[in-house]
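Engineer: give me the fold of what follows.
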Amino acid sequence: MNRMEAFLILRRIPKIIPSLVVLGFFLLAVAVRAQEHTRSRDLGIPFDGMTGPLNAITDVKGVEVGNTTLILGDGQLKLGVGPVRTGVTAVFPRGKDLPEPVAAGWFTENGNGEMTGTTWVEESGLLEGPILITNTHSVGVVRDAVIAWRLKHGPQNESGYSWSLPVVAETWDGYLNDINGFHVKPEDVFHALDSAHGGAVEEGNVGGGTGMICNEFKGGIGSSSRLLDAKYGGYTVGVLVQCNYGQRDQLRIAGVPVAREIPGNNVWDDDVGSIIVVLATDAPLLPTQLRRLAKRVPLGLARDGSYSGNGSGDIFIAFSTANLGKAESKGVNQLDVLPNERMNPLFLATVQATEEAVVNAMIAAKTMTGVNGHTVIALPHDQLRKVLKKYNRLVK
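Structural biologist: Okay, the predicted model is just below:
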């Protein structure tokens, strides 16, 4: 039993069980660390650029990621009962204990999707609070739960009011999940927020990515980072994706058309999925510059074969953790800003990290069976290595 399965059981334990037993079970569950998983570079897949120590969005100092993974039941779909294959992923720009806003910008390549709160991000240039990712029909409950969580954990403003326009994004997991059963509850959102941490990031069938499909293989959550050379400032760019897009025959890995070499059952007749990308950096950038970074995300996705189909929601948000302590509402704030002429290395890092984050999600994901026996296979590691070797693209 893993940590999230234990949490699921806990949530459904009748309230008549003594509270101390419940508490003990919960503490045991959350104490279990995520199991290590295979990543792209473990298989010898070559990628350009130098990664941070973790090769994850958490290489950007202060960023924390948390997940709630909901997996329950098998067999035929019973509305409101299951099977359940969904969850919530939370990203804190400065961690749970430092709610100061960060500069942010966002971009949508194709808008068949949702990311709440972006109107104010565009207007103000600031991201206030965490970013949450879930399934399409749970955006409302997640948004409301984030507000409740912030009311519980944060002080009111000077006028005595608390105000929040949370950023909550989605992709559709209805092929594997009882998406109209509304299984994501406020307590699941609280768990993702409360369990957020730095360090290694869980990938694959976790959090909001639990029931997702990528290029008709199993998809989910993936992450990667790039560390710029000292002559370019030594800045870090980190990416986290929830990937649920693409057609099998378009998939490219390290420039190789791997899916054409790996037979399997198709899931879709067209590109009808979506992808959410969260980009973090410690480079001191203005909101307009961060929007420019977000606009480079599609170039990384294109390396993996994406062409951003009509039915896809491809939405990206970028933030900077620089200028800490300079978001005061009084007086004049003096900001550090990187000139536009020095942004090229950040653009390249964004493309590289995005490309690898998607592949990391697919490599970490496991074959999953969901509603009505629908099965989505994971990208087979051994076959992938054979294909890459055939094209002379393995590094080990």
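Engineer: now the stretch 151-300 of the chain, which segments are flagged as low pLDDT?
Structural biologist: Along the stretch 151-300 of the chain, segments meeting pLDDT under 70 span 155-161.
Engineer: can you give me the helices in it?
Structural biologist: For the stretch 151-300 of the chain, the helices defined by DSSP state H, counting those that start in this stretch cover 186-194, 258-261, 287-294, 297-303.
Engineer: burial of the spatially closest residue to V167 that is not a sequence neighbour, as a residue count?
Structural biologist: Once flanking residues are discounted, V167 sits nearest to G117: 4.0 Å by Cβ to Cβ, 6 or more residues apart in numbering. Heads up, the C-betas are built off the backbone N, CA and C, glycines and all. Using other Cβ atoms under 10 Å, G117 has 23 other residues around it.
Engineer: ok, W120 next?
Structural biologist: The tally of other residues near W120 (other Cβ under 10 Å) stands at 16.
Engineer: let me know whether the residue nearest to V167 touches I147 as I believe.
Structural biologist: No: assessed by Cβ atoms under 8 Å, G117 is found out of contact with I147, at 10.8 Å.
Engineer: overlap in contacts, those two.
Structural biologist: Residues touching both G117 and I147 by Cβ atoms under 8 Å, 6 or more residues apart in numbering: P166.
Engineer: ok so, going back, among the helices of the stretch 151-300 of the chain, which comes closest to V60?
Structural biologist: Each of the helices of the stretch 151-300 of the chain was scored for nearness to V60 using Cβ to Cβ, and the closest is helix 287-294 (12.6 Å).
Engineer: and the closest one, what's buried?
Structural biologist: P287, Q289, L290, R291, R292, L293, A294 (16 or more other Cβ atoms under 10 Å).
Engineer: ok, stretch 174-194 next?
Structural biologist: Of the residues in stretch 174-194, 174-179, 181, 183-185, 188-194 count as buried by neighbour count, 16+ other Cβ under 10 Å.
Engineer: CA atoms only for it - export them in CSV, please.
Structural biologist: Presented in CSV, the C-alpha positions along stretch 174-194 are these (Å, rounded to 0.1, in the frame of the first residue of the first chain):
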residue,chain,number,x,y,z
GLY,A,174,-12.8,10.7,-18.6
TYR,A,175,-11.5,7.7,-20.6
LEU,A,176,-10.1,6.1,-17.4
ASN,A,177,-11.9,8.0,-14.6
ASP,A,178,-15.6,8.5,-13.5
ILE,A,179,-15.1,12.2,-14.3
ASN,A,180,-18.8,13.0,-13.7
GLY,A,181,-18.8,11.3,-10.3
PHE,A,182,-17.1,14.4,-8.7
HIS,A,183,-14.7,12.3,-6.6
VAL,A,184,-12.2,15.1,-5.9
LYS,A,185,-13.3,16.5,-2.5
PRO,A,186,-12.0,19.6,-0.6
GLU,A,187,-10.1,17.3,1.8
ASP,A,188,-8.2,16.0,-1.2
VAL,A,189,-7.2,19.5,-2.2
PHE,A,190,-6.1,20.2,1.4
HIS,A,191,-4.0,17.1,1.4
ALA,A,192,-2.2,18.1,-1.9
LEU,A,193,-1.5,21.5,-0.4
ASP,A,194,-0.4,20.3,3.0
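Engineer: which ones are touching A56?
Structural biologist: A200, V201, S223, S224, S225, G238, L240.
Engineer: ok, N344 to L335 distance?
Structural biologist: 21 Å (Cβ to Cβ, to the nearest Å).
Engineer: and for V168?
Structural biologist: Separation of V168 from L335 (Cβ to Cβ) stands at 28 Å.
Engineer: who has more neighbours out of those two?
Structural biologist: Higher neighbour count among V168 and L335: V168, with 27 against 12, using other Cβ under 10 Å.
Engineer: give the contact list for the residue nearest to K396 when sequence neighbours are not counted.
Structural biologist: When the adjacent residues along the chain are set aside, K396 lies closest to G44, with 4.1 Å between them (Cβ to Cβ, 6+ apart). G44 is in contact with R385, L388, L394, V395, K396, counting by Cβ under 8 Å, 6+ apart.
Engineer: kindly recompute the last result at 6 Å.
Structural biologist: Residues near G44 by Cβ atoms under 6 Å, 6 or more residues apart in numbering: L394, V395, K396.
Engineer: which of those residues has the largest number of neighbours?
Structural biologist: L394 (17 neighbours).
Engineer: spatially nearest residue to that residue (excluding sequence neighbours)?
Structural biologist: Nearest non-adjacent residue to L394, counting by Cβ to Cβ, 6+ apart: G44, 4.3 Å away.
Engineer: could you do G222 as well?
Structural biologist: That would be A361: by Cβ to Cβ, 6+ apart, it lies 2.7 Å from G222.
Engineer: any idea which helix or strand carries that neighbour?
Structural biologist: Element membership for A361, per DSSP states H and E: helix 344-364.
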